[in-house]
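Visitor: below are the sequence and a predicted model for it; my questions follow.
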Amino acid sequence: QVQLVESGGGLVQAGGSLRLSCAASGRTLRGYAMGWFRQAPGKEREFVAGINWSGGSTYYADSVKGRFTISRDINERLVYLQMNSLKPEDTAVYYCAADPTGVGGPGADFGTRGQGTQVTVSS
């Protein structure tokens, strides 16, 4: 069973950037698709970005396309979310999650997730 730990969140002004990291322990992420989700207070959790098992396909919510980039490292233990041009509406707790089927799209089976990291964007 893979365990996931997110880091890199914080407070940033609108227009700024943050890079979130998701570290795996227990096993590598080889074969897993990975995704990032977020949940703002009073709102449902939403899909932000996903990457398939090979890294060859990526998926993004319309709200973050062109601003966020998901990637995974060659050693298969880290996944990143580069967030640029941040907006106040991006404020949320961000979670990474693993999809053992390897697909990684918005409707994929992301069964395992971490504890989350808070991102706050001030206006």
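Guide: Good, I have the coordinates.
Visitor: what helix or strand is the closest residue to Arg77 other than its chain neighbours located in?
Guide: In this structure, Arg77 finds its nearest non-sequential neighbour in Ala24, 4.9 Å apart by C-beta to C-beta, 6 or more residues apart in numbering. (Glycine included, C-beta is placed from N, CA and C.) Secondary structure assignment for Ala24, by DSSP states H and E: strand 18-25.
Visitor: what's in contact with that strand?
Guide: Here strand 18-25 makes contact (C-beta atoms under 8 Å, 6 or more residues apart in numbering) with 2-10, 12, 34, 36, 76-83, 86, 94, 96, 98, 114, 117, 119.
Visitor: repeat the analysis, applying 7 Å as the threshold.
Guide: Strand 18-25 is contacted by residues 2-10, 12, 34, 77-83, 86, 94, 96, 114, 117, 119 when judged by C-beta atoms under 7 Å, 6 or more residues apart in numbering.
Visitor: can you select the buried ones from those residues in ChimeraX?
Guide: The following ChimeraX line selects those of these that are buried, judged by 16 or more other C-beta atoms under 10 Å:
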select :4,6,8,9,12,34,77,78,79,80,81,83,86,94,96,114,117,119
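Visitor: what's the following helix or strand after the strand holding Ala24?
Guide: Beyond strand 18-25 toward the C-terminal end (DSSP H and E), the next one is strand 33-39.
Visitor: that following strand to strand 18-25, inter-axis angle?
Guide: Using axes from the mean of the first three to the mean of the last three C-alpha atoms, to 10 degrees, the inter-axis angle of strand 33-39 relative to strand 18-25 is 130 degrees.
Visitor: which helices and strands does strand 33-39 pack with?
Guide: Judged by 3 or more C-beta pairs under 7 Å, 6 or more residues apart in numbering; DSSP states H and E, strand 33-39 is in contact with strand 46-51, strand 92-99.
Visitor: okay then, goodbye and thanks.
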